[in-house]
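[1] Quick one, fold the following:
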Amino acid sequence: MNAIINWVDALTYALFKVEIVDFFKKVSVTKQDIKTAHKLAAKKKLIEATKKGQSTLSKWSNSPALVEQKLRQLLMGNLLTDFKSEINSWKQKIKFAKSMIASAQALEKSDAGDPLDTTNLSKALSTYKKCRTIIDISLVNQAIARCEHKMMKYNQFRTLFTEGQKYCQEKDYKKGKLSFERAKTLFPIPLLEEAIADCSGYIQGQNQYELALEKAVNLAKNGEFKAALNVINLALDKFEREDGQTLRGTLNRVMQGKDYYSQGLGAEKSGNLGQAISFYQKSYQLLPELTETQIRLAIVSLKTANWQQAIAHLQGHSGEKIKYLRGFAYLQQGDFQQAEVEWRSLSHPQVKSQLEIVRTLRGRDRLKLMLSIQQLVDDNNLDNAGAMSRQFLHSYGSDTVVEANLNNHILPRLEAKIWEGQDWPKIAQITEQVWLKNGDCKSLHNWAIATYYNAQINSHTRRDWVVAATTALANLERDPAWQNIPWLPKISIDIEEIFSHFLATLETAIDSLKDDNLAEYLKLRDQFRLDAIALKLVKKFPHQAAQINHLILLPGCYHRYRHQFSNIKIPQTSNSASTETNILPALYTSWGLAVAAAFDGDGERAIQLKPSQSYQFNSSQKNEYFAQKFVAYSEGIHYLQKQRWRESIAALNALKNEWRSHPEWHRELERLCESQRQALNSLSDHLAFSDFWYQLLGTEASCSYWVESRIQEICENLQHHKIDKNRALSQLRELQKTDSKNPRLIYVIETLEFEIEVNEIIGLMPSNLNDAVRRAKNCHNQKVKRHIAAMLIEILIAGVNEGKMNGETAVQFARWAHQICPNDPEFVDIYRQCGIY
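    Sure thing, here's the model as predicted:
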């Protein structure tokens with residue numbers, strides 16, 4: 001076999017100045033060396049990579065013969081040219097890195113070793129680190145370690161030095177000296193010697209001060225405030241420190257506060273209650289923690305019959321004494337119920353007997369109040385009768401007689417009287433209360449009318465008008481009273497005309513706020529949109545609306561009064577795939593405003609109105625479940641429409657398992673994803689987006705796009721030598737498991753299989769030419785067989801044309817080609833000329 005190889009080398013060298021077998025070996029070694037250089041460069045070992053590269057390139061002639069040029073192109077393409085450019089780039093980086101190293105070394109050398117001035121050392125370290133991002137050499141790594149170690153010691157020194165200065169400022173010289181001494185072990189600079197000496201001079205005075213401070217604190221704890229003050233004053237005269245000043249201030253405050261308290265007691269005892277109050281208030285300002293001051297203020301208020309003030313002084317305090325005083329104040333005010341609450345838990349026997357008297361008085365007062373209410377009704381004093389009735393119910397709780405009198409007699413007569421006065425704020429308030437109580441068509445109608453007139457004179461009540469009027473309009477067919485709508489001159493009612501006219505009126509009123517109060521305008525517009533959309537959907541799906549007493553409640557009204565009404569029937573979303581049929585129940589959820597905005601196509605506002613930034617789906621709460629799904633879908637398509645797909649990820653990923661229930665959502669997202677794909681440019685964006693799209697929808701289009709993006713990634717990795725051809729082929733075949741019919745994938749795999757097979761056959765030639773021919777002959781890929789045969793024929797023709805190949809050699813090349821590709825029409829003439837046919 002070696003004889004054959006030597007013969008082929010000698011033959012090809014004699015003919016073409018190329019030893020063909022040696023050439024194949026050289027190509028293989030070169031490719032391996034270039035890979036090695038690339039690996040070194042990837043690790044930033046540019047000097048080693050450059051040396052390896054230059055050594056590799058030096059083995060190749062700059063002026064190759066024609067046949068060598070063709071073989072180079074066939075086997076290596078532009079590999080050598082590209083590699084030469086890379087080496088030049090590495091050289092430039094090395095040159096730049098060396099200049100940075102020189103600059104860093106100069107900065108490091110200029111560091112004076114002063115731990116309080118790290119400017120040059122910091123710059124040197126920063127420069128070394130920047131250099132390391134370009135090149136990895138031991139010189140730089142050692143310099144970084146050296147500078148970091150020195151900087152660490154500098155920082156430790158500065159921390160200790162700053163700590164010592166802080167302690168000295170606080171006049172804690174013992175701790176300050178300790179910090180300075182620890183700093184000295186790192187850098188014994190002259191400044192430290194001075195600082196330590198200064199601290200030593202103050203330590204004796206500090207020790208004496210701290211003993212005095214401790215003594216003063218103990219005296220204060222024992223209540224000897226004056227003695228404590230004398231001790232701390234003497235100590236501060238010799239050694240002034242903040243904690244001593246604080247203690248002195250506290251002692252002065254306590255003594256002054258107690259002095260004011262004592263003066264207050266004296267003034268109170270002598271009957272000078274005004275002066276007593278003044279002293280107690282001064283004491284309280286200085287010592288708010290002294291509960292006795294508040295108690296004395298309450299007692300003085302009781303003495304002056306200022307019952308409410310007494311209660312205020314005792315607010316927030318507890319204890320039997322305080323409860324007794326507070327109960328006494330309530331008793332004097334005639335609030336027997338509250339007095340009973342305060343005294344109920346007191347254990348003193350005398351209080352128990354007083355409590356029985358309170359209960360008797362409470363019963364008499366209750367009867368007296370009922371008689372007063374009846375007298376006010378008889379006198380047609382309805383305002384006071386209503387107020388007194390509400391006061392009665394607040395004080396004594398539920399009472400059927402008082403409640404019946406209030407609801408059946410006082411309020412109806414009061415309502416009629418109020419309408420006559422046209423006090424619209426008051427009318428709106430009263431009609432709202434009646435509506436909440438009755439929940440019927442009449443009270444709803446009255447409330448809507450009142451809110452309309454009130455909104456005309458008080459623009460801040462427009463939201464009340466929106467809530468009341470939209471709900472009234474939803475019940476229009478149930479309410480004959482709507483024939484008297486103020487803004488409609490016609491007597492007969494065209495329901496559709498009312499709808500359109502009313503909505504236009506509301507929109508105009510809301511729009512008038514836009515320039516004056518944008519925030520209020522947006523809130524009102526959101527509220528109006530919520531109820532306007534609900535109003536339109538109610539006409540299509542009346543059974544999907546919330547109801548009470550057979551009246552429809554629109555979402556705005558429901559949200560406002562759901563706690564007042566206990567028997568509201570809440571609609572539930574259905575399993576229908578239609579979005580529209582489920583929107584109305586979703587409007588009644590906490591996500592209602594966002595759902596309305598999304599349904600109206602205002603995705604940006606829907607995102608702003610979400611009650612939560614994250615989606616937490618709970619299928620047991622059907623309405624909330626659908627509402628969140630719909631807002632998430634709307635958020636996703638909003639960002640996709642603006643081609644900001646990354647912002648849609650969180651919302652749409654939350655919906656991954658929902659597409660079967662909503663095919664129309666699926667179709668729209670597929671369309672928008674296709675549009676987003678067309679707007680992307682970089683491969684990294686395509687890879688990321690194809691992942692997102694494929695995982696989100698899993699459609700045929702997303703699958704094909706995902707595969708094509710991966711194909712492009714593999715091709716680029718192969719082109720930049722990040723992977724070899726076998727690895728690339730393995731990755732491509734893995735993609736076939738996902739999309740086996742992708743035409744581009746099939747083409748790239750076939751091309752790569754061809755290149756690998758050809759290179760493997762050529763790689764066999766240097767060591768075993770017969771095996772190479774046999775491998776080509778047995779290959780199942782016709783393109784590979786034809787390519788190898790064509791290469792042999794091309795060498796044959798070039799040798800004959802240049803007169804450097806004799807007949808025997810030409811016939812041998814033809815036989816090899818014939819063994820591999822015997823029936824190719826293009827080669828038949830050559831075979832005949834060589835006597836094979």
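
[2] my read: residue 543 touches residue 569, true?
    No - Residue 543 lies out of contact with residue 569 (CB atoms under 8 Å); the separation is 10.0 Å. For the C-beta atoms, the positions are set from N, CA and C on the backbone; glycine is no exception.

[3] more crowded one of those two?
    Between residue 543 and residue 569, counting by other CB atoms under 10 Å, residue 569 is the more crowded of the two (11 against 8).

[4] Pairing-wise in the sheet, spell out the partners of the more buried one.
    residue 547 (DSSP bridges).

[5] got a pLDDT number for it?
    Note on residue 569: pLDDT of 81.

[6] Check residue 379 too.
    80.

[7] Please apply the same query to residue 292.
    Model confidence at residue 292 (pLDDT) stands at 90.

[8] residues contacting residue 386?
    Counting by CB atoms under 8 Å, 6 or more residues apart in numbering, residue 386 touches 406, 410, 411, 414.

[9] Spatially central residue for this structure, please.
    Central residue of the chain (CA atoms, centre = their mean): residue 613, 7.8 Å from the mean position.

[10] Next, the contact list for that one, please.
    Listed by CB under 8 Å, 6+ apart, the contact set of residue 613 is empty.

[11] Regarding it, what is its secondary structure?
    Following DSSP: H, G, I helix; E, B strand; the rest coil, residue 613 is assigned to coil.

[12] Give me the distance between it and residue 631.
    Distance of residue 613 to residue 631, given as CB to CB, to the nearest Å: 11 Å.

[13] what number of residues lie near the closest residue to residue 166 other than its chain neighbours?
    With sequence-adjacent residues excluded and distances taken as CB to CB, 6 or more residues apart in numbering, residue 166 is closest to residue 176, at 7.9 Å. Residues lying near residue 176 (other CB under 10 Å) number 25.

[14] what about residue 176, distance to residue 213?
    18 Å.

[15] try residue 639
    Counting by CB to CB, the gap from residue 639 to residue 213 is 65 Å.

[16] So the two - more neighbours on which side?
    Per other CB under 10 Å, whichever of residue 639 and residue 213 has more neighbours is residue 639, with 22 against 19.

[17] Verify the stated contact: the more buried one with residue 645.
    Yes - Residue 639 is in contact with residue 645 according to CB under 8 Å; the separation is 6.5 Å.

[18] Are there helices or strands packed against the helix or strand hosting residue 452, and which ones?
    Per DSSP states H and E: residue 452 is located in helix 441-457. With contacts defined as 3 or more CB pairs under 8 Å, 6 or more residues apart in numbering; DSSP states H and E, helix 441-457 has these neighbours: helix 424-438, helix 462-474.

[19] Quickly compare those helices and say which is most buried.
    Of all those, helix 462-474 has the most neighbours on average by mean count of other CB atoms under 10 Å, namely a mean of 25.

[20] Report the angle between it and helix 441-457.
    If you take axes from the mean of the first three to the mean of the last three CA atoms, to 10 degrees, helix 462-474 sits at 140 degrees to helix 441-457.

[21] Give me the next element, helix or strand, following helix 462-474.
    Following helix 462-474 in sequence, per DSSP H and E, is helix 495-511.

[22] Can you report the mean pLDDT over the residues of that following helix?
    Here the average pLDDT along helix 495-511 is 72.

[23] what about residue 286, distance to residue 217?
    According to CB to CB, residue 286 and residue 217 sit 20 Å apart.

[24] If you count surrounding residues, which of those two has more?
    Each of residue 286 and residue 217 has its neighbours counted (other CB under 10 Å); residue 286 has more, 19 against 16.

[25] need the contact list for the closest residue to residue 226 other than its chain neighbours.
    Leaving aside its sequence neighbours, residue 226 sits nearest to residue 255 (CB to CB, 6+ apart; 6.9 Å). Neighbour list for residue 255: 225, 226, 229 [criterion: CB under 8 Å, 6+ apart].

[26] In strands only, show me the residues you listed.
    Nothing among the contacts of residue 255 maps onto strands, per DSSP state E.

[27] Buried only: go through the residues you listed for me.
    The neighbour-count test (16 or more other CB atoms under 10 Å) marks 225, 229 as buried among those.

[28] is it possible to export the contacts of residue 255 to CSV including pLDDT and distance to residue 834?
    Formatted as CSV, these follow (pLDDT from 0 to 100; distance: CB to CB, whole Å):
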residue, pLDDT, distance to residue 834
225, 91, 127
226, 93, 131
229, 93, 126
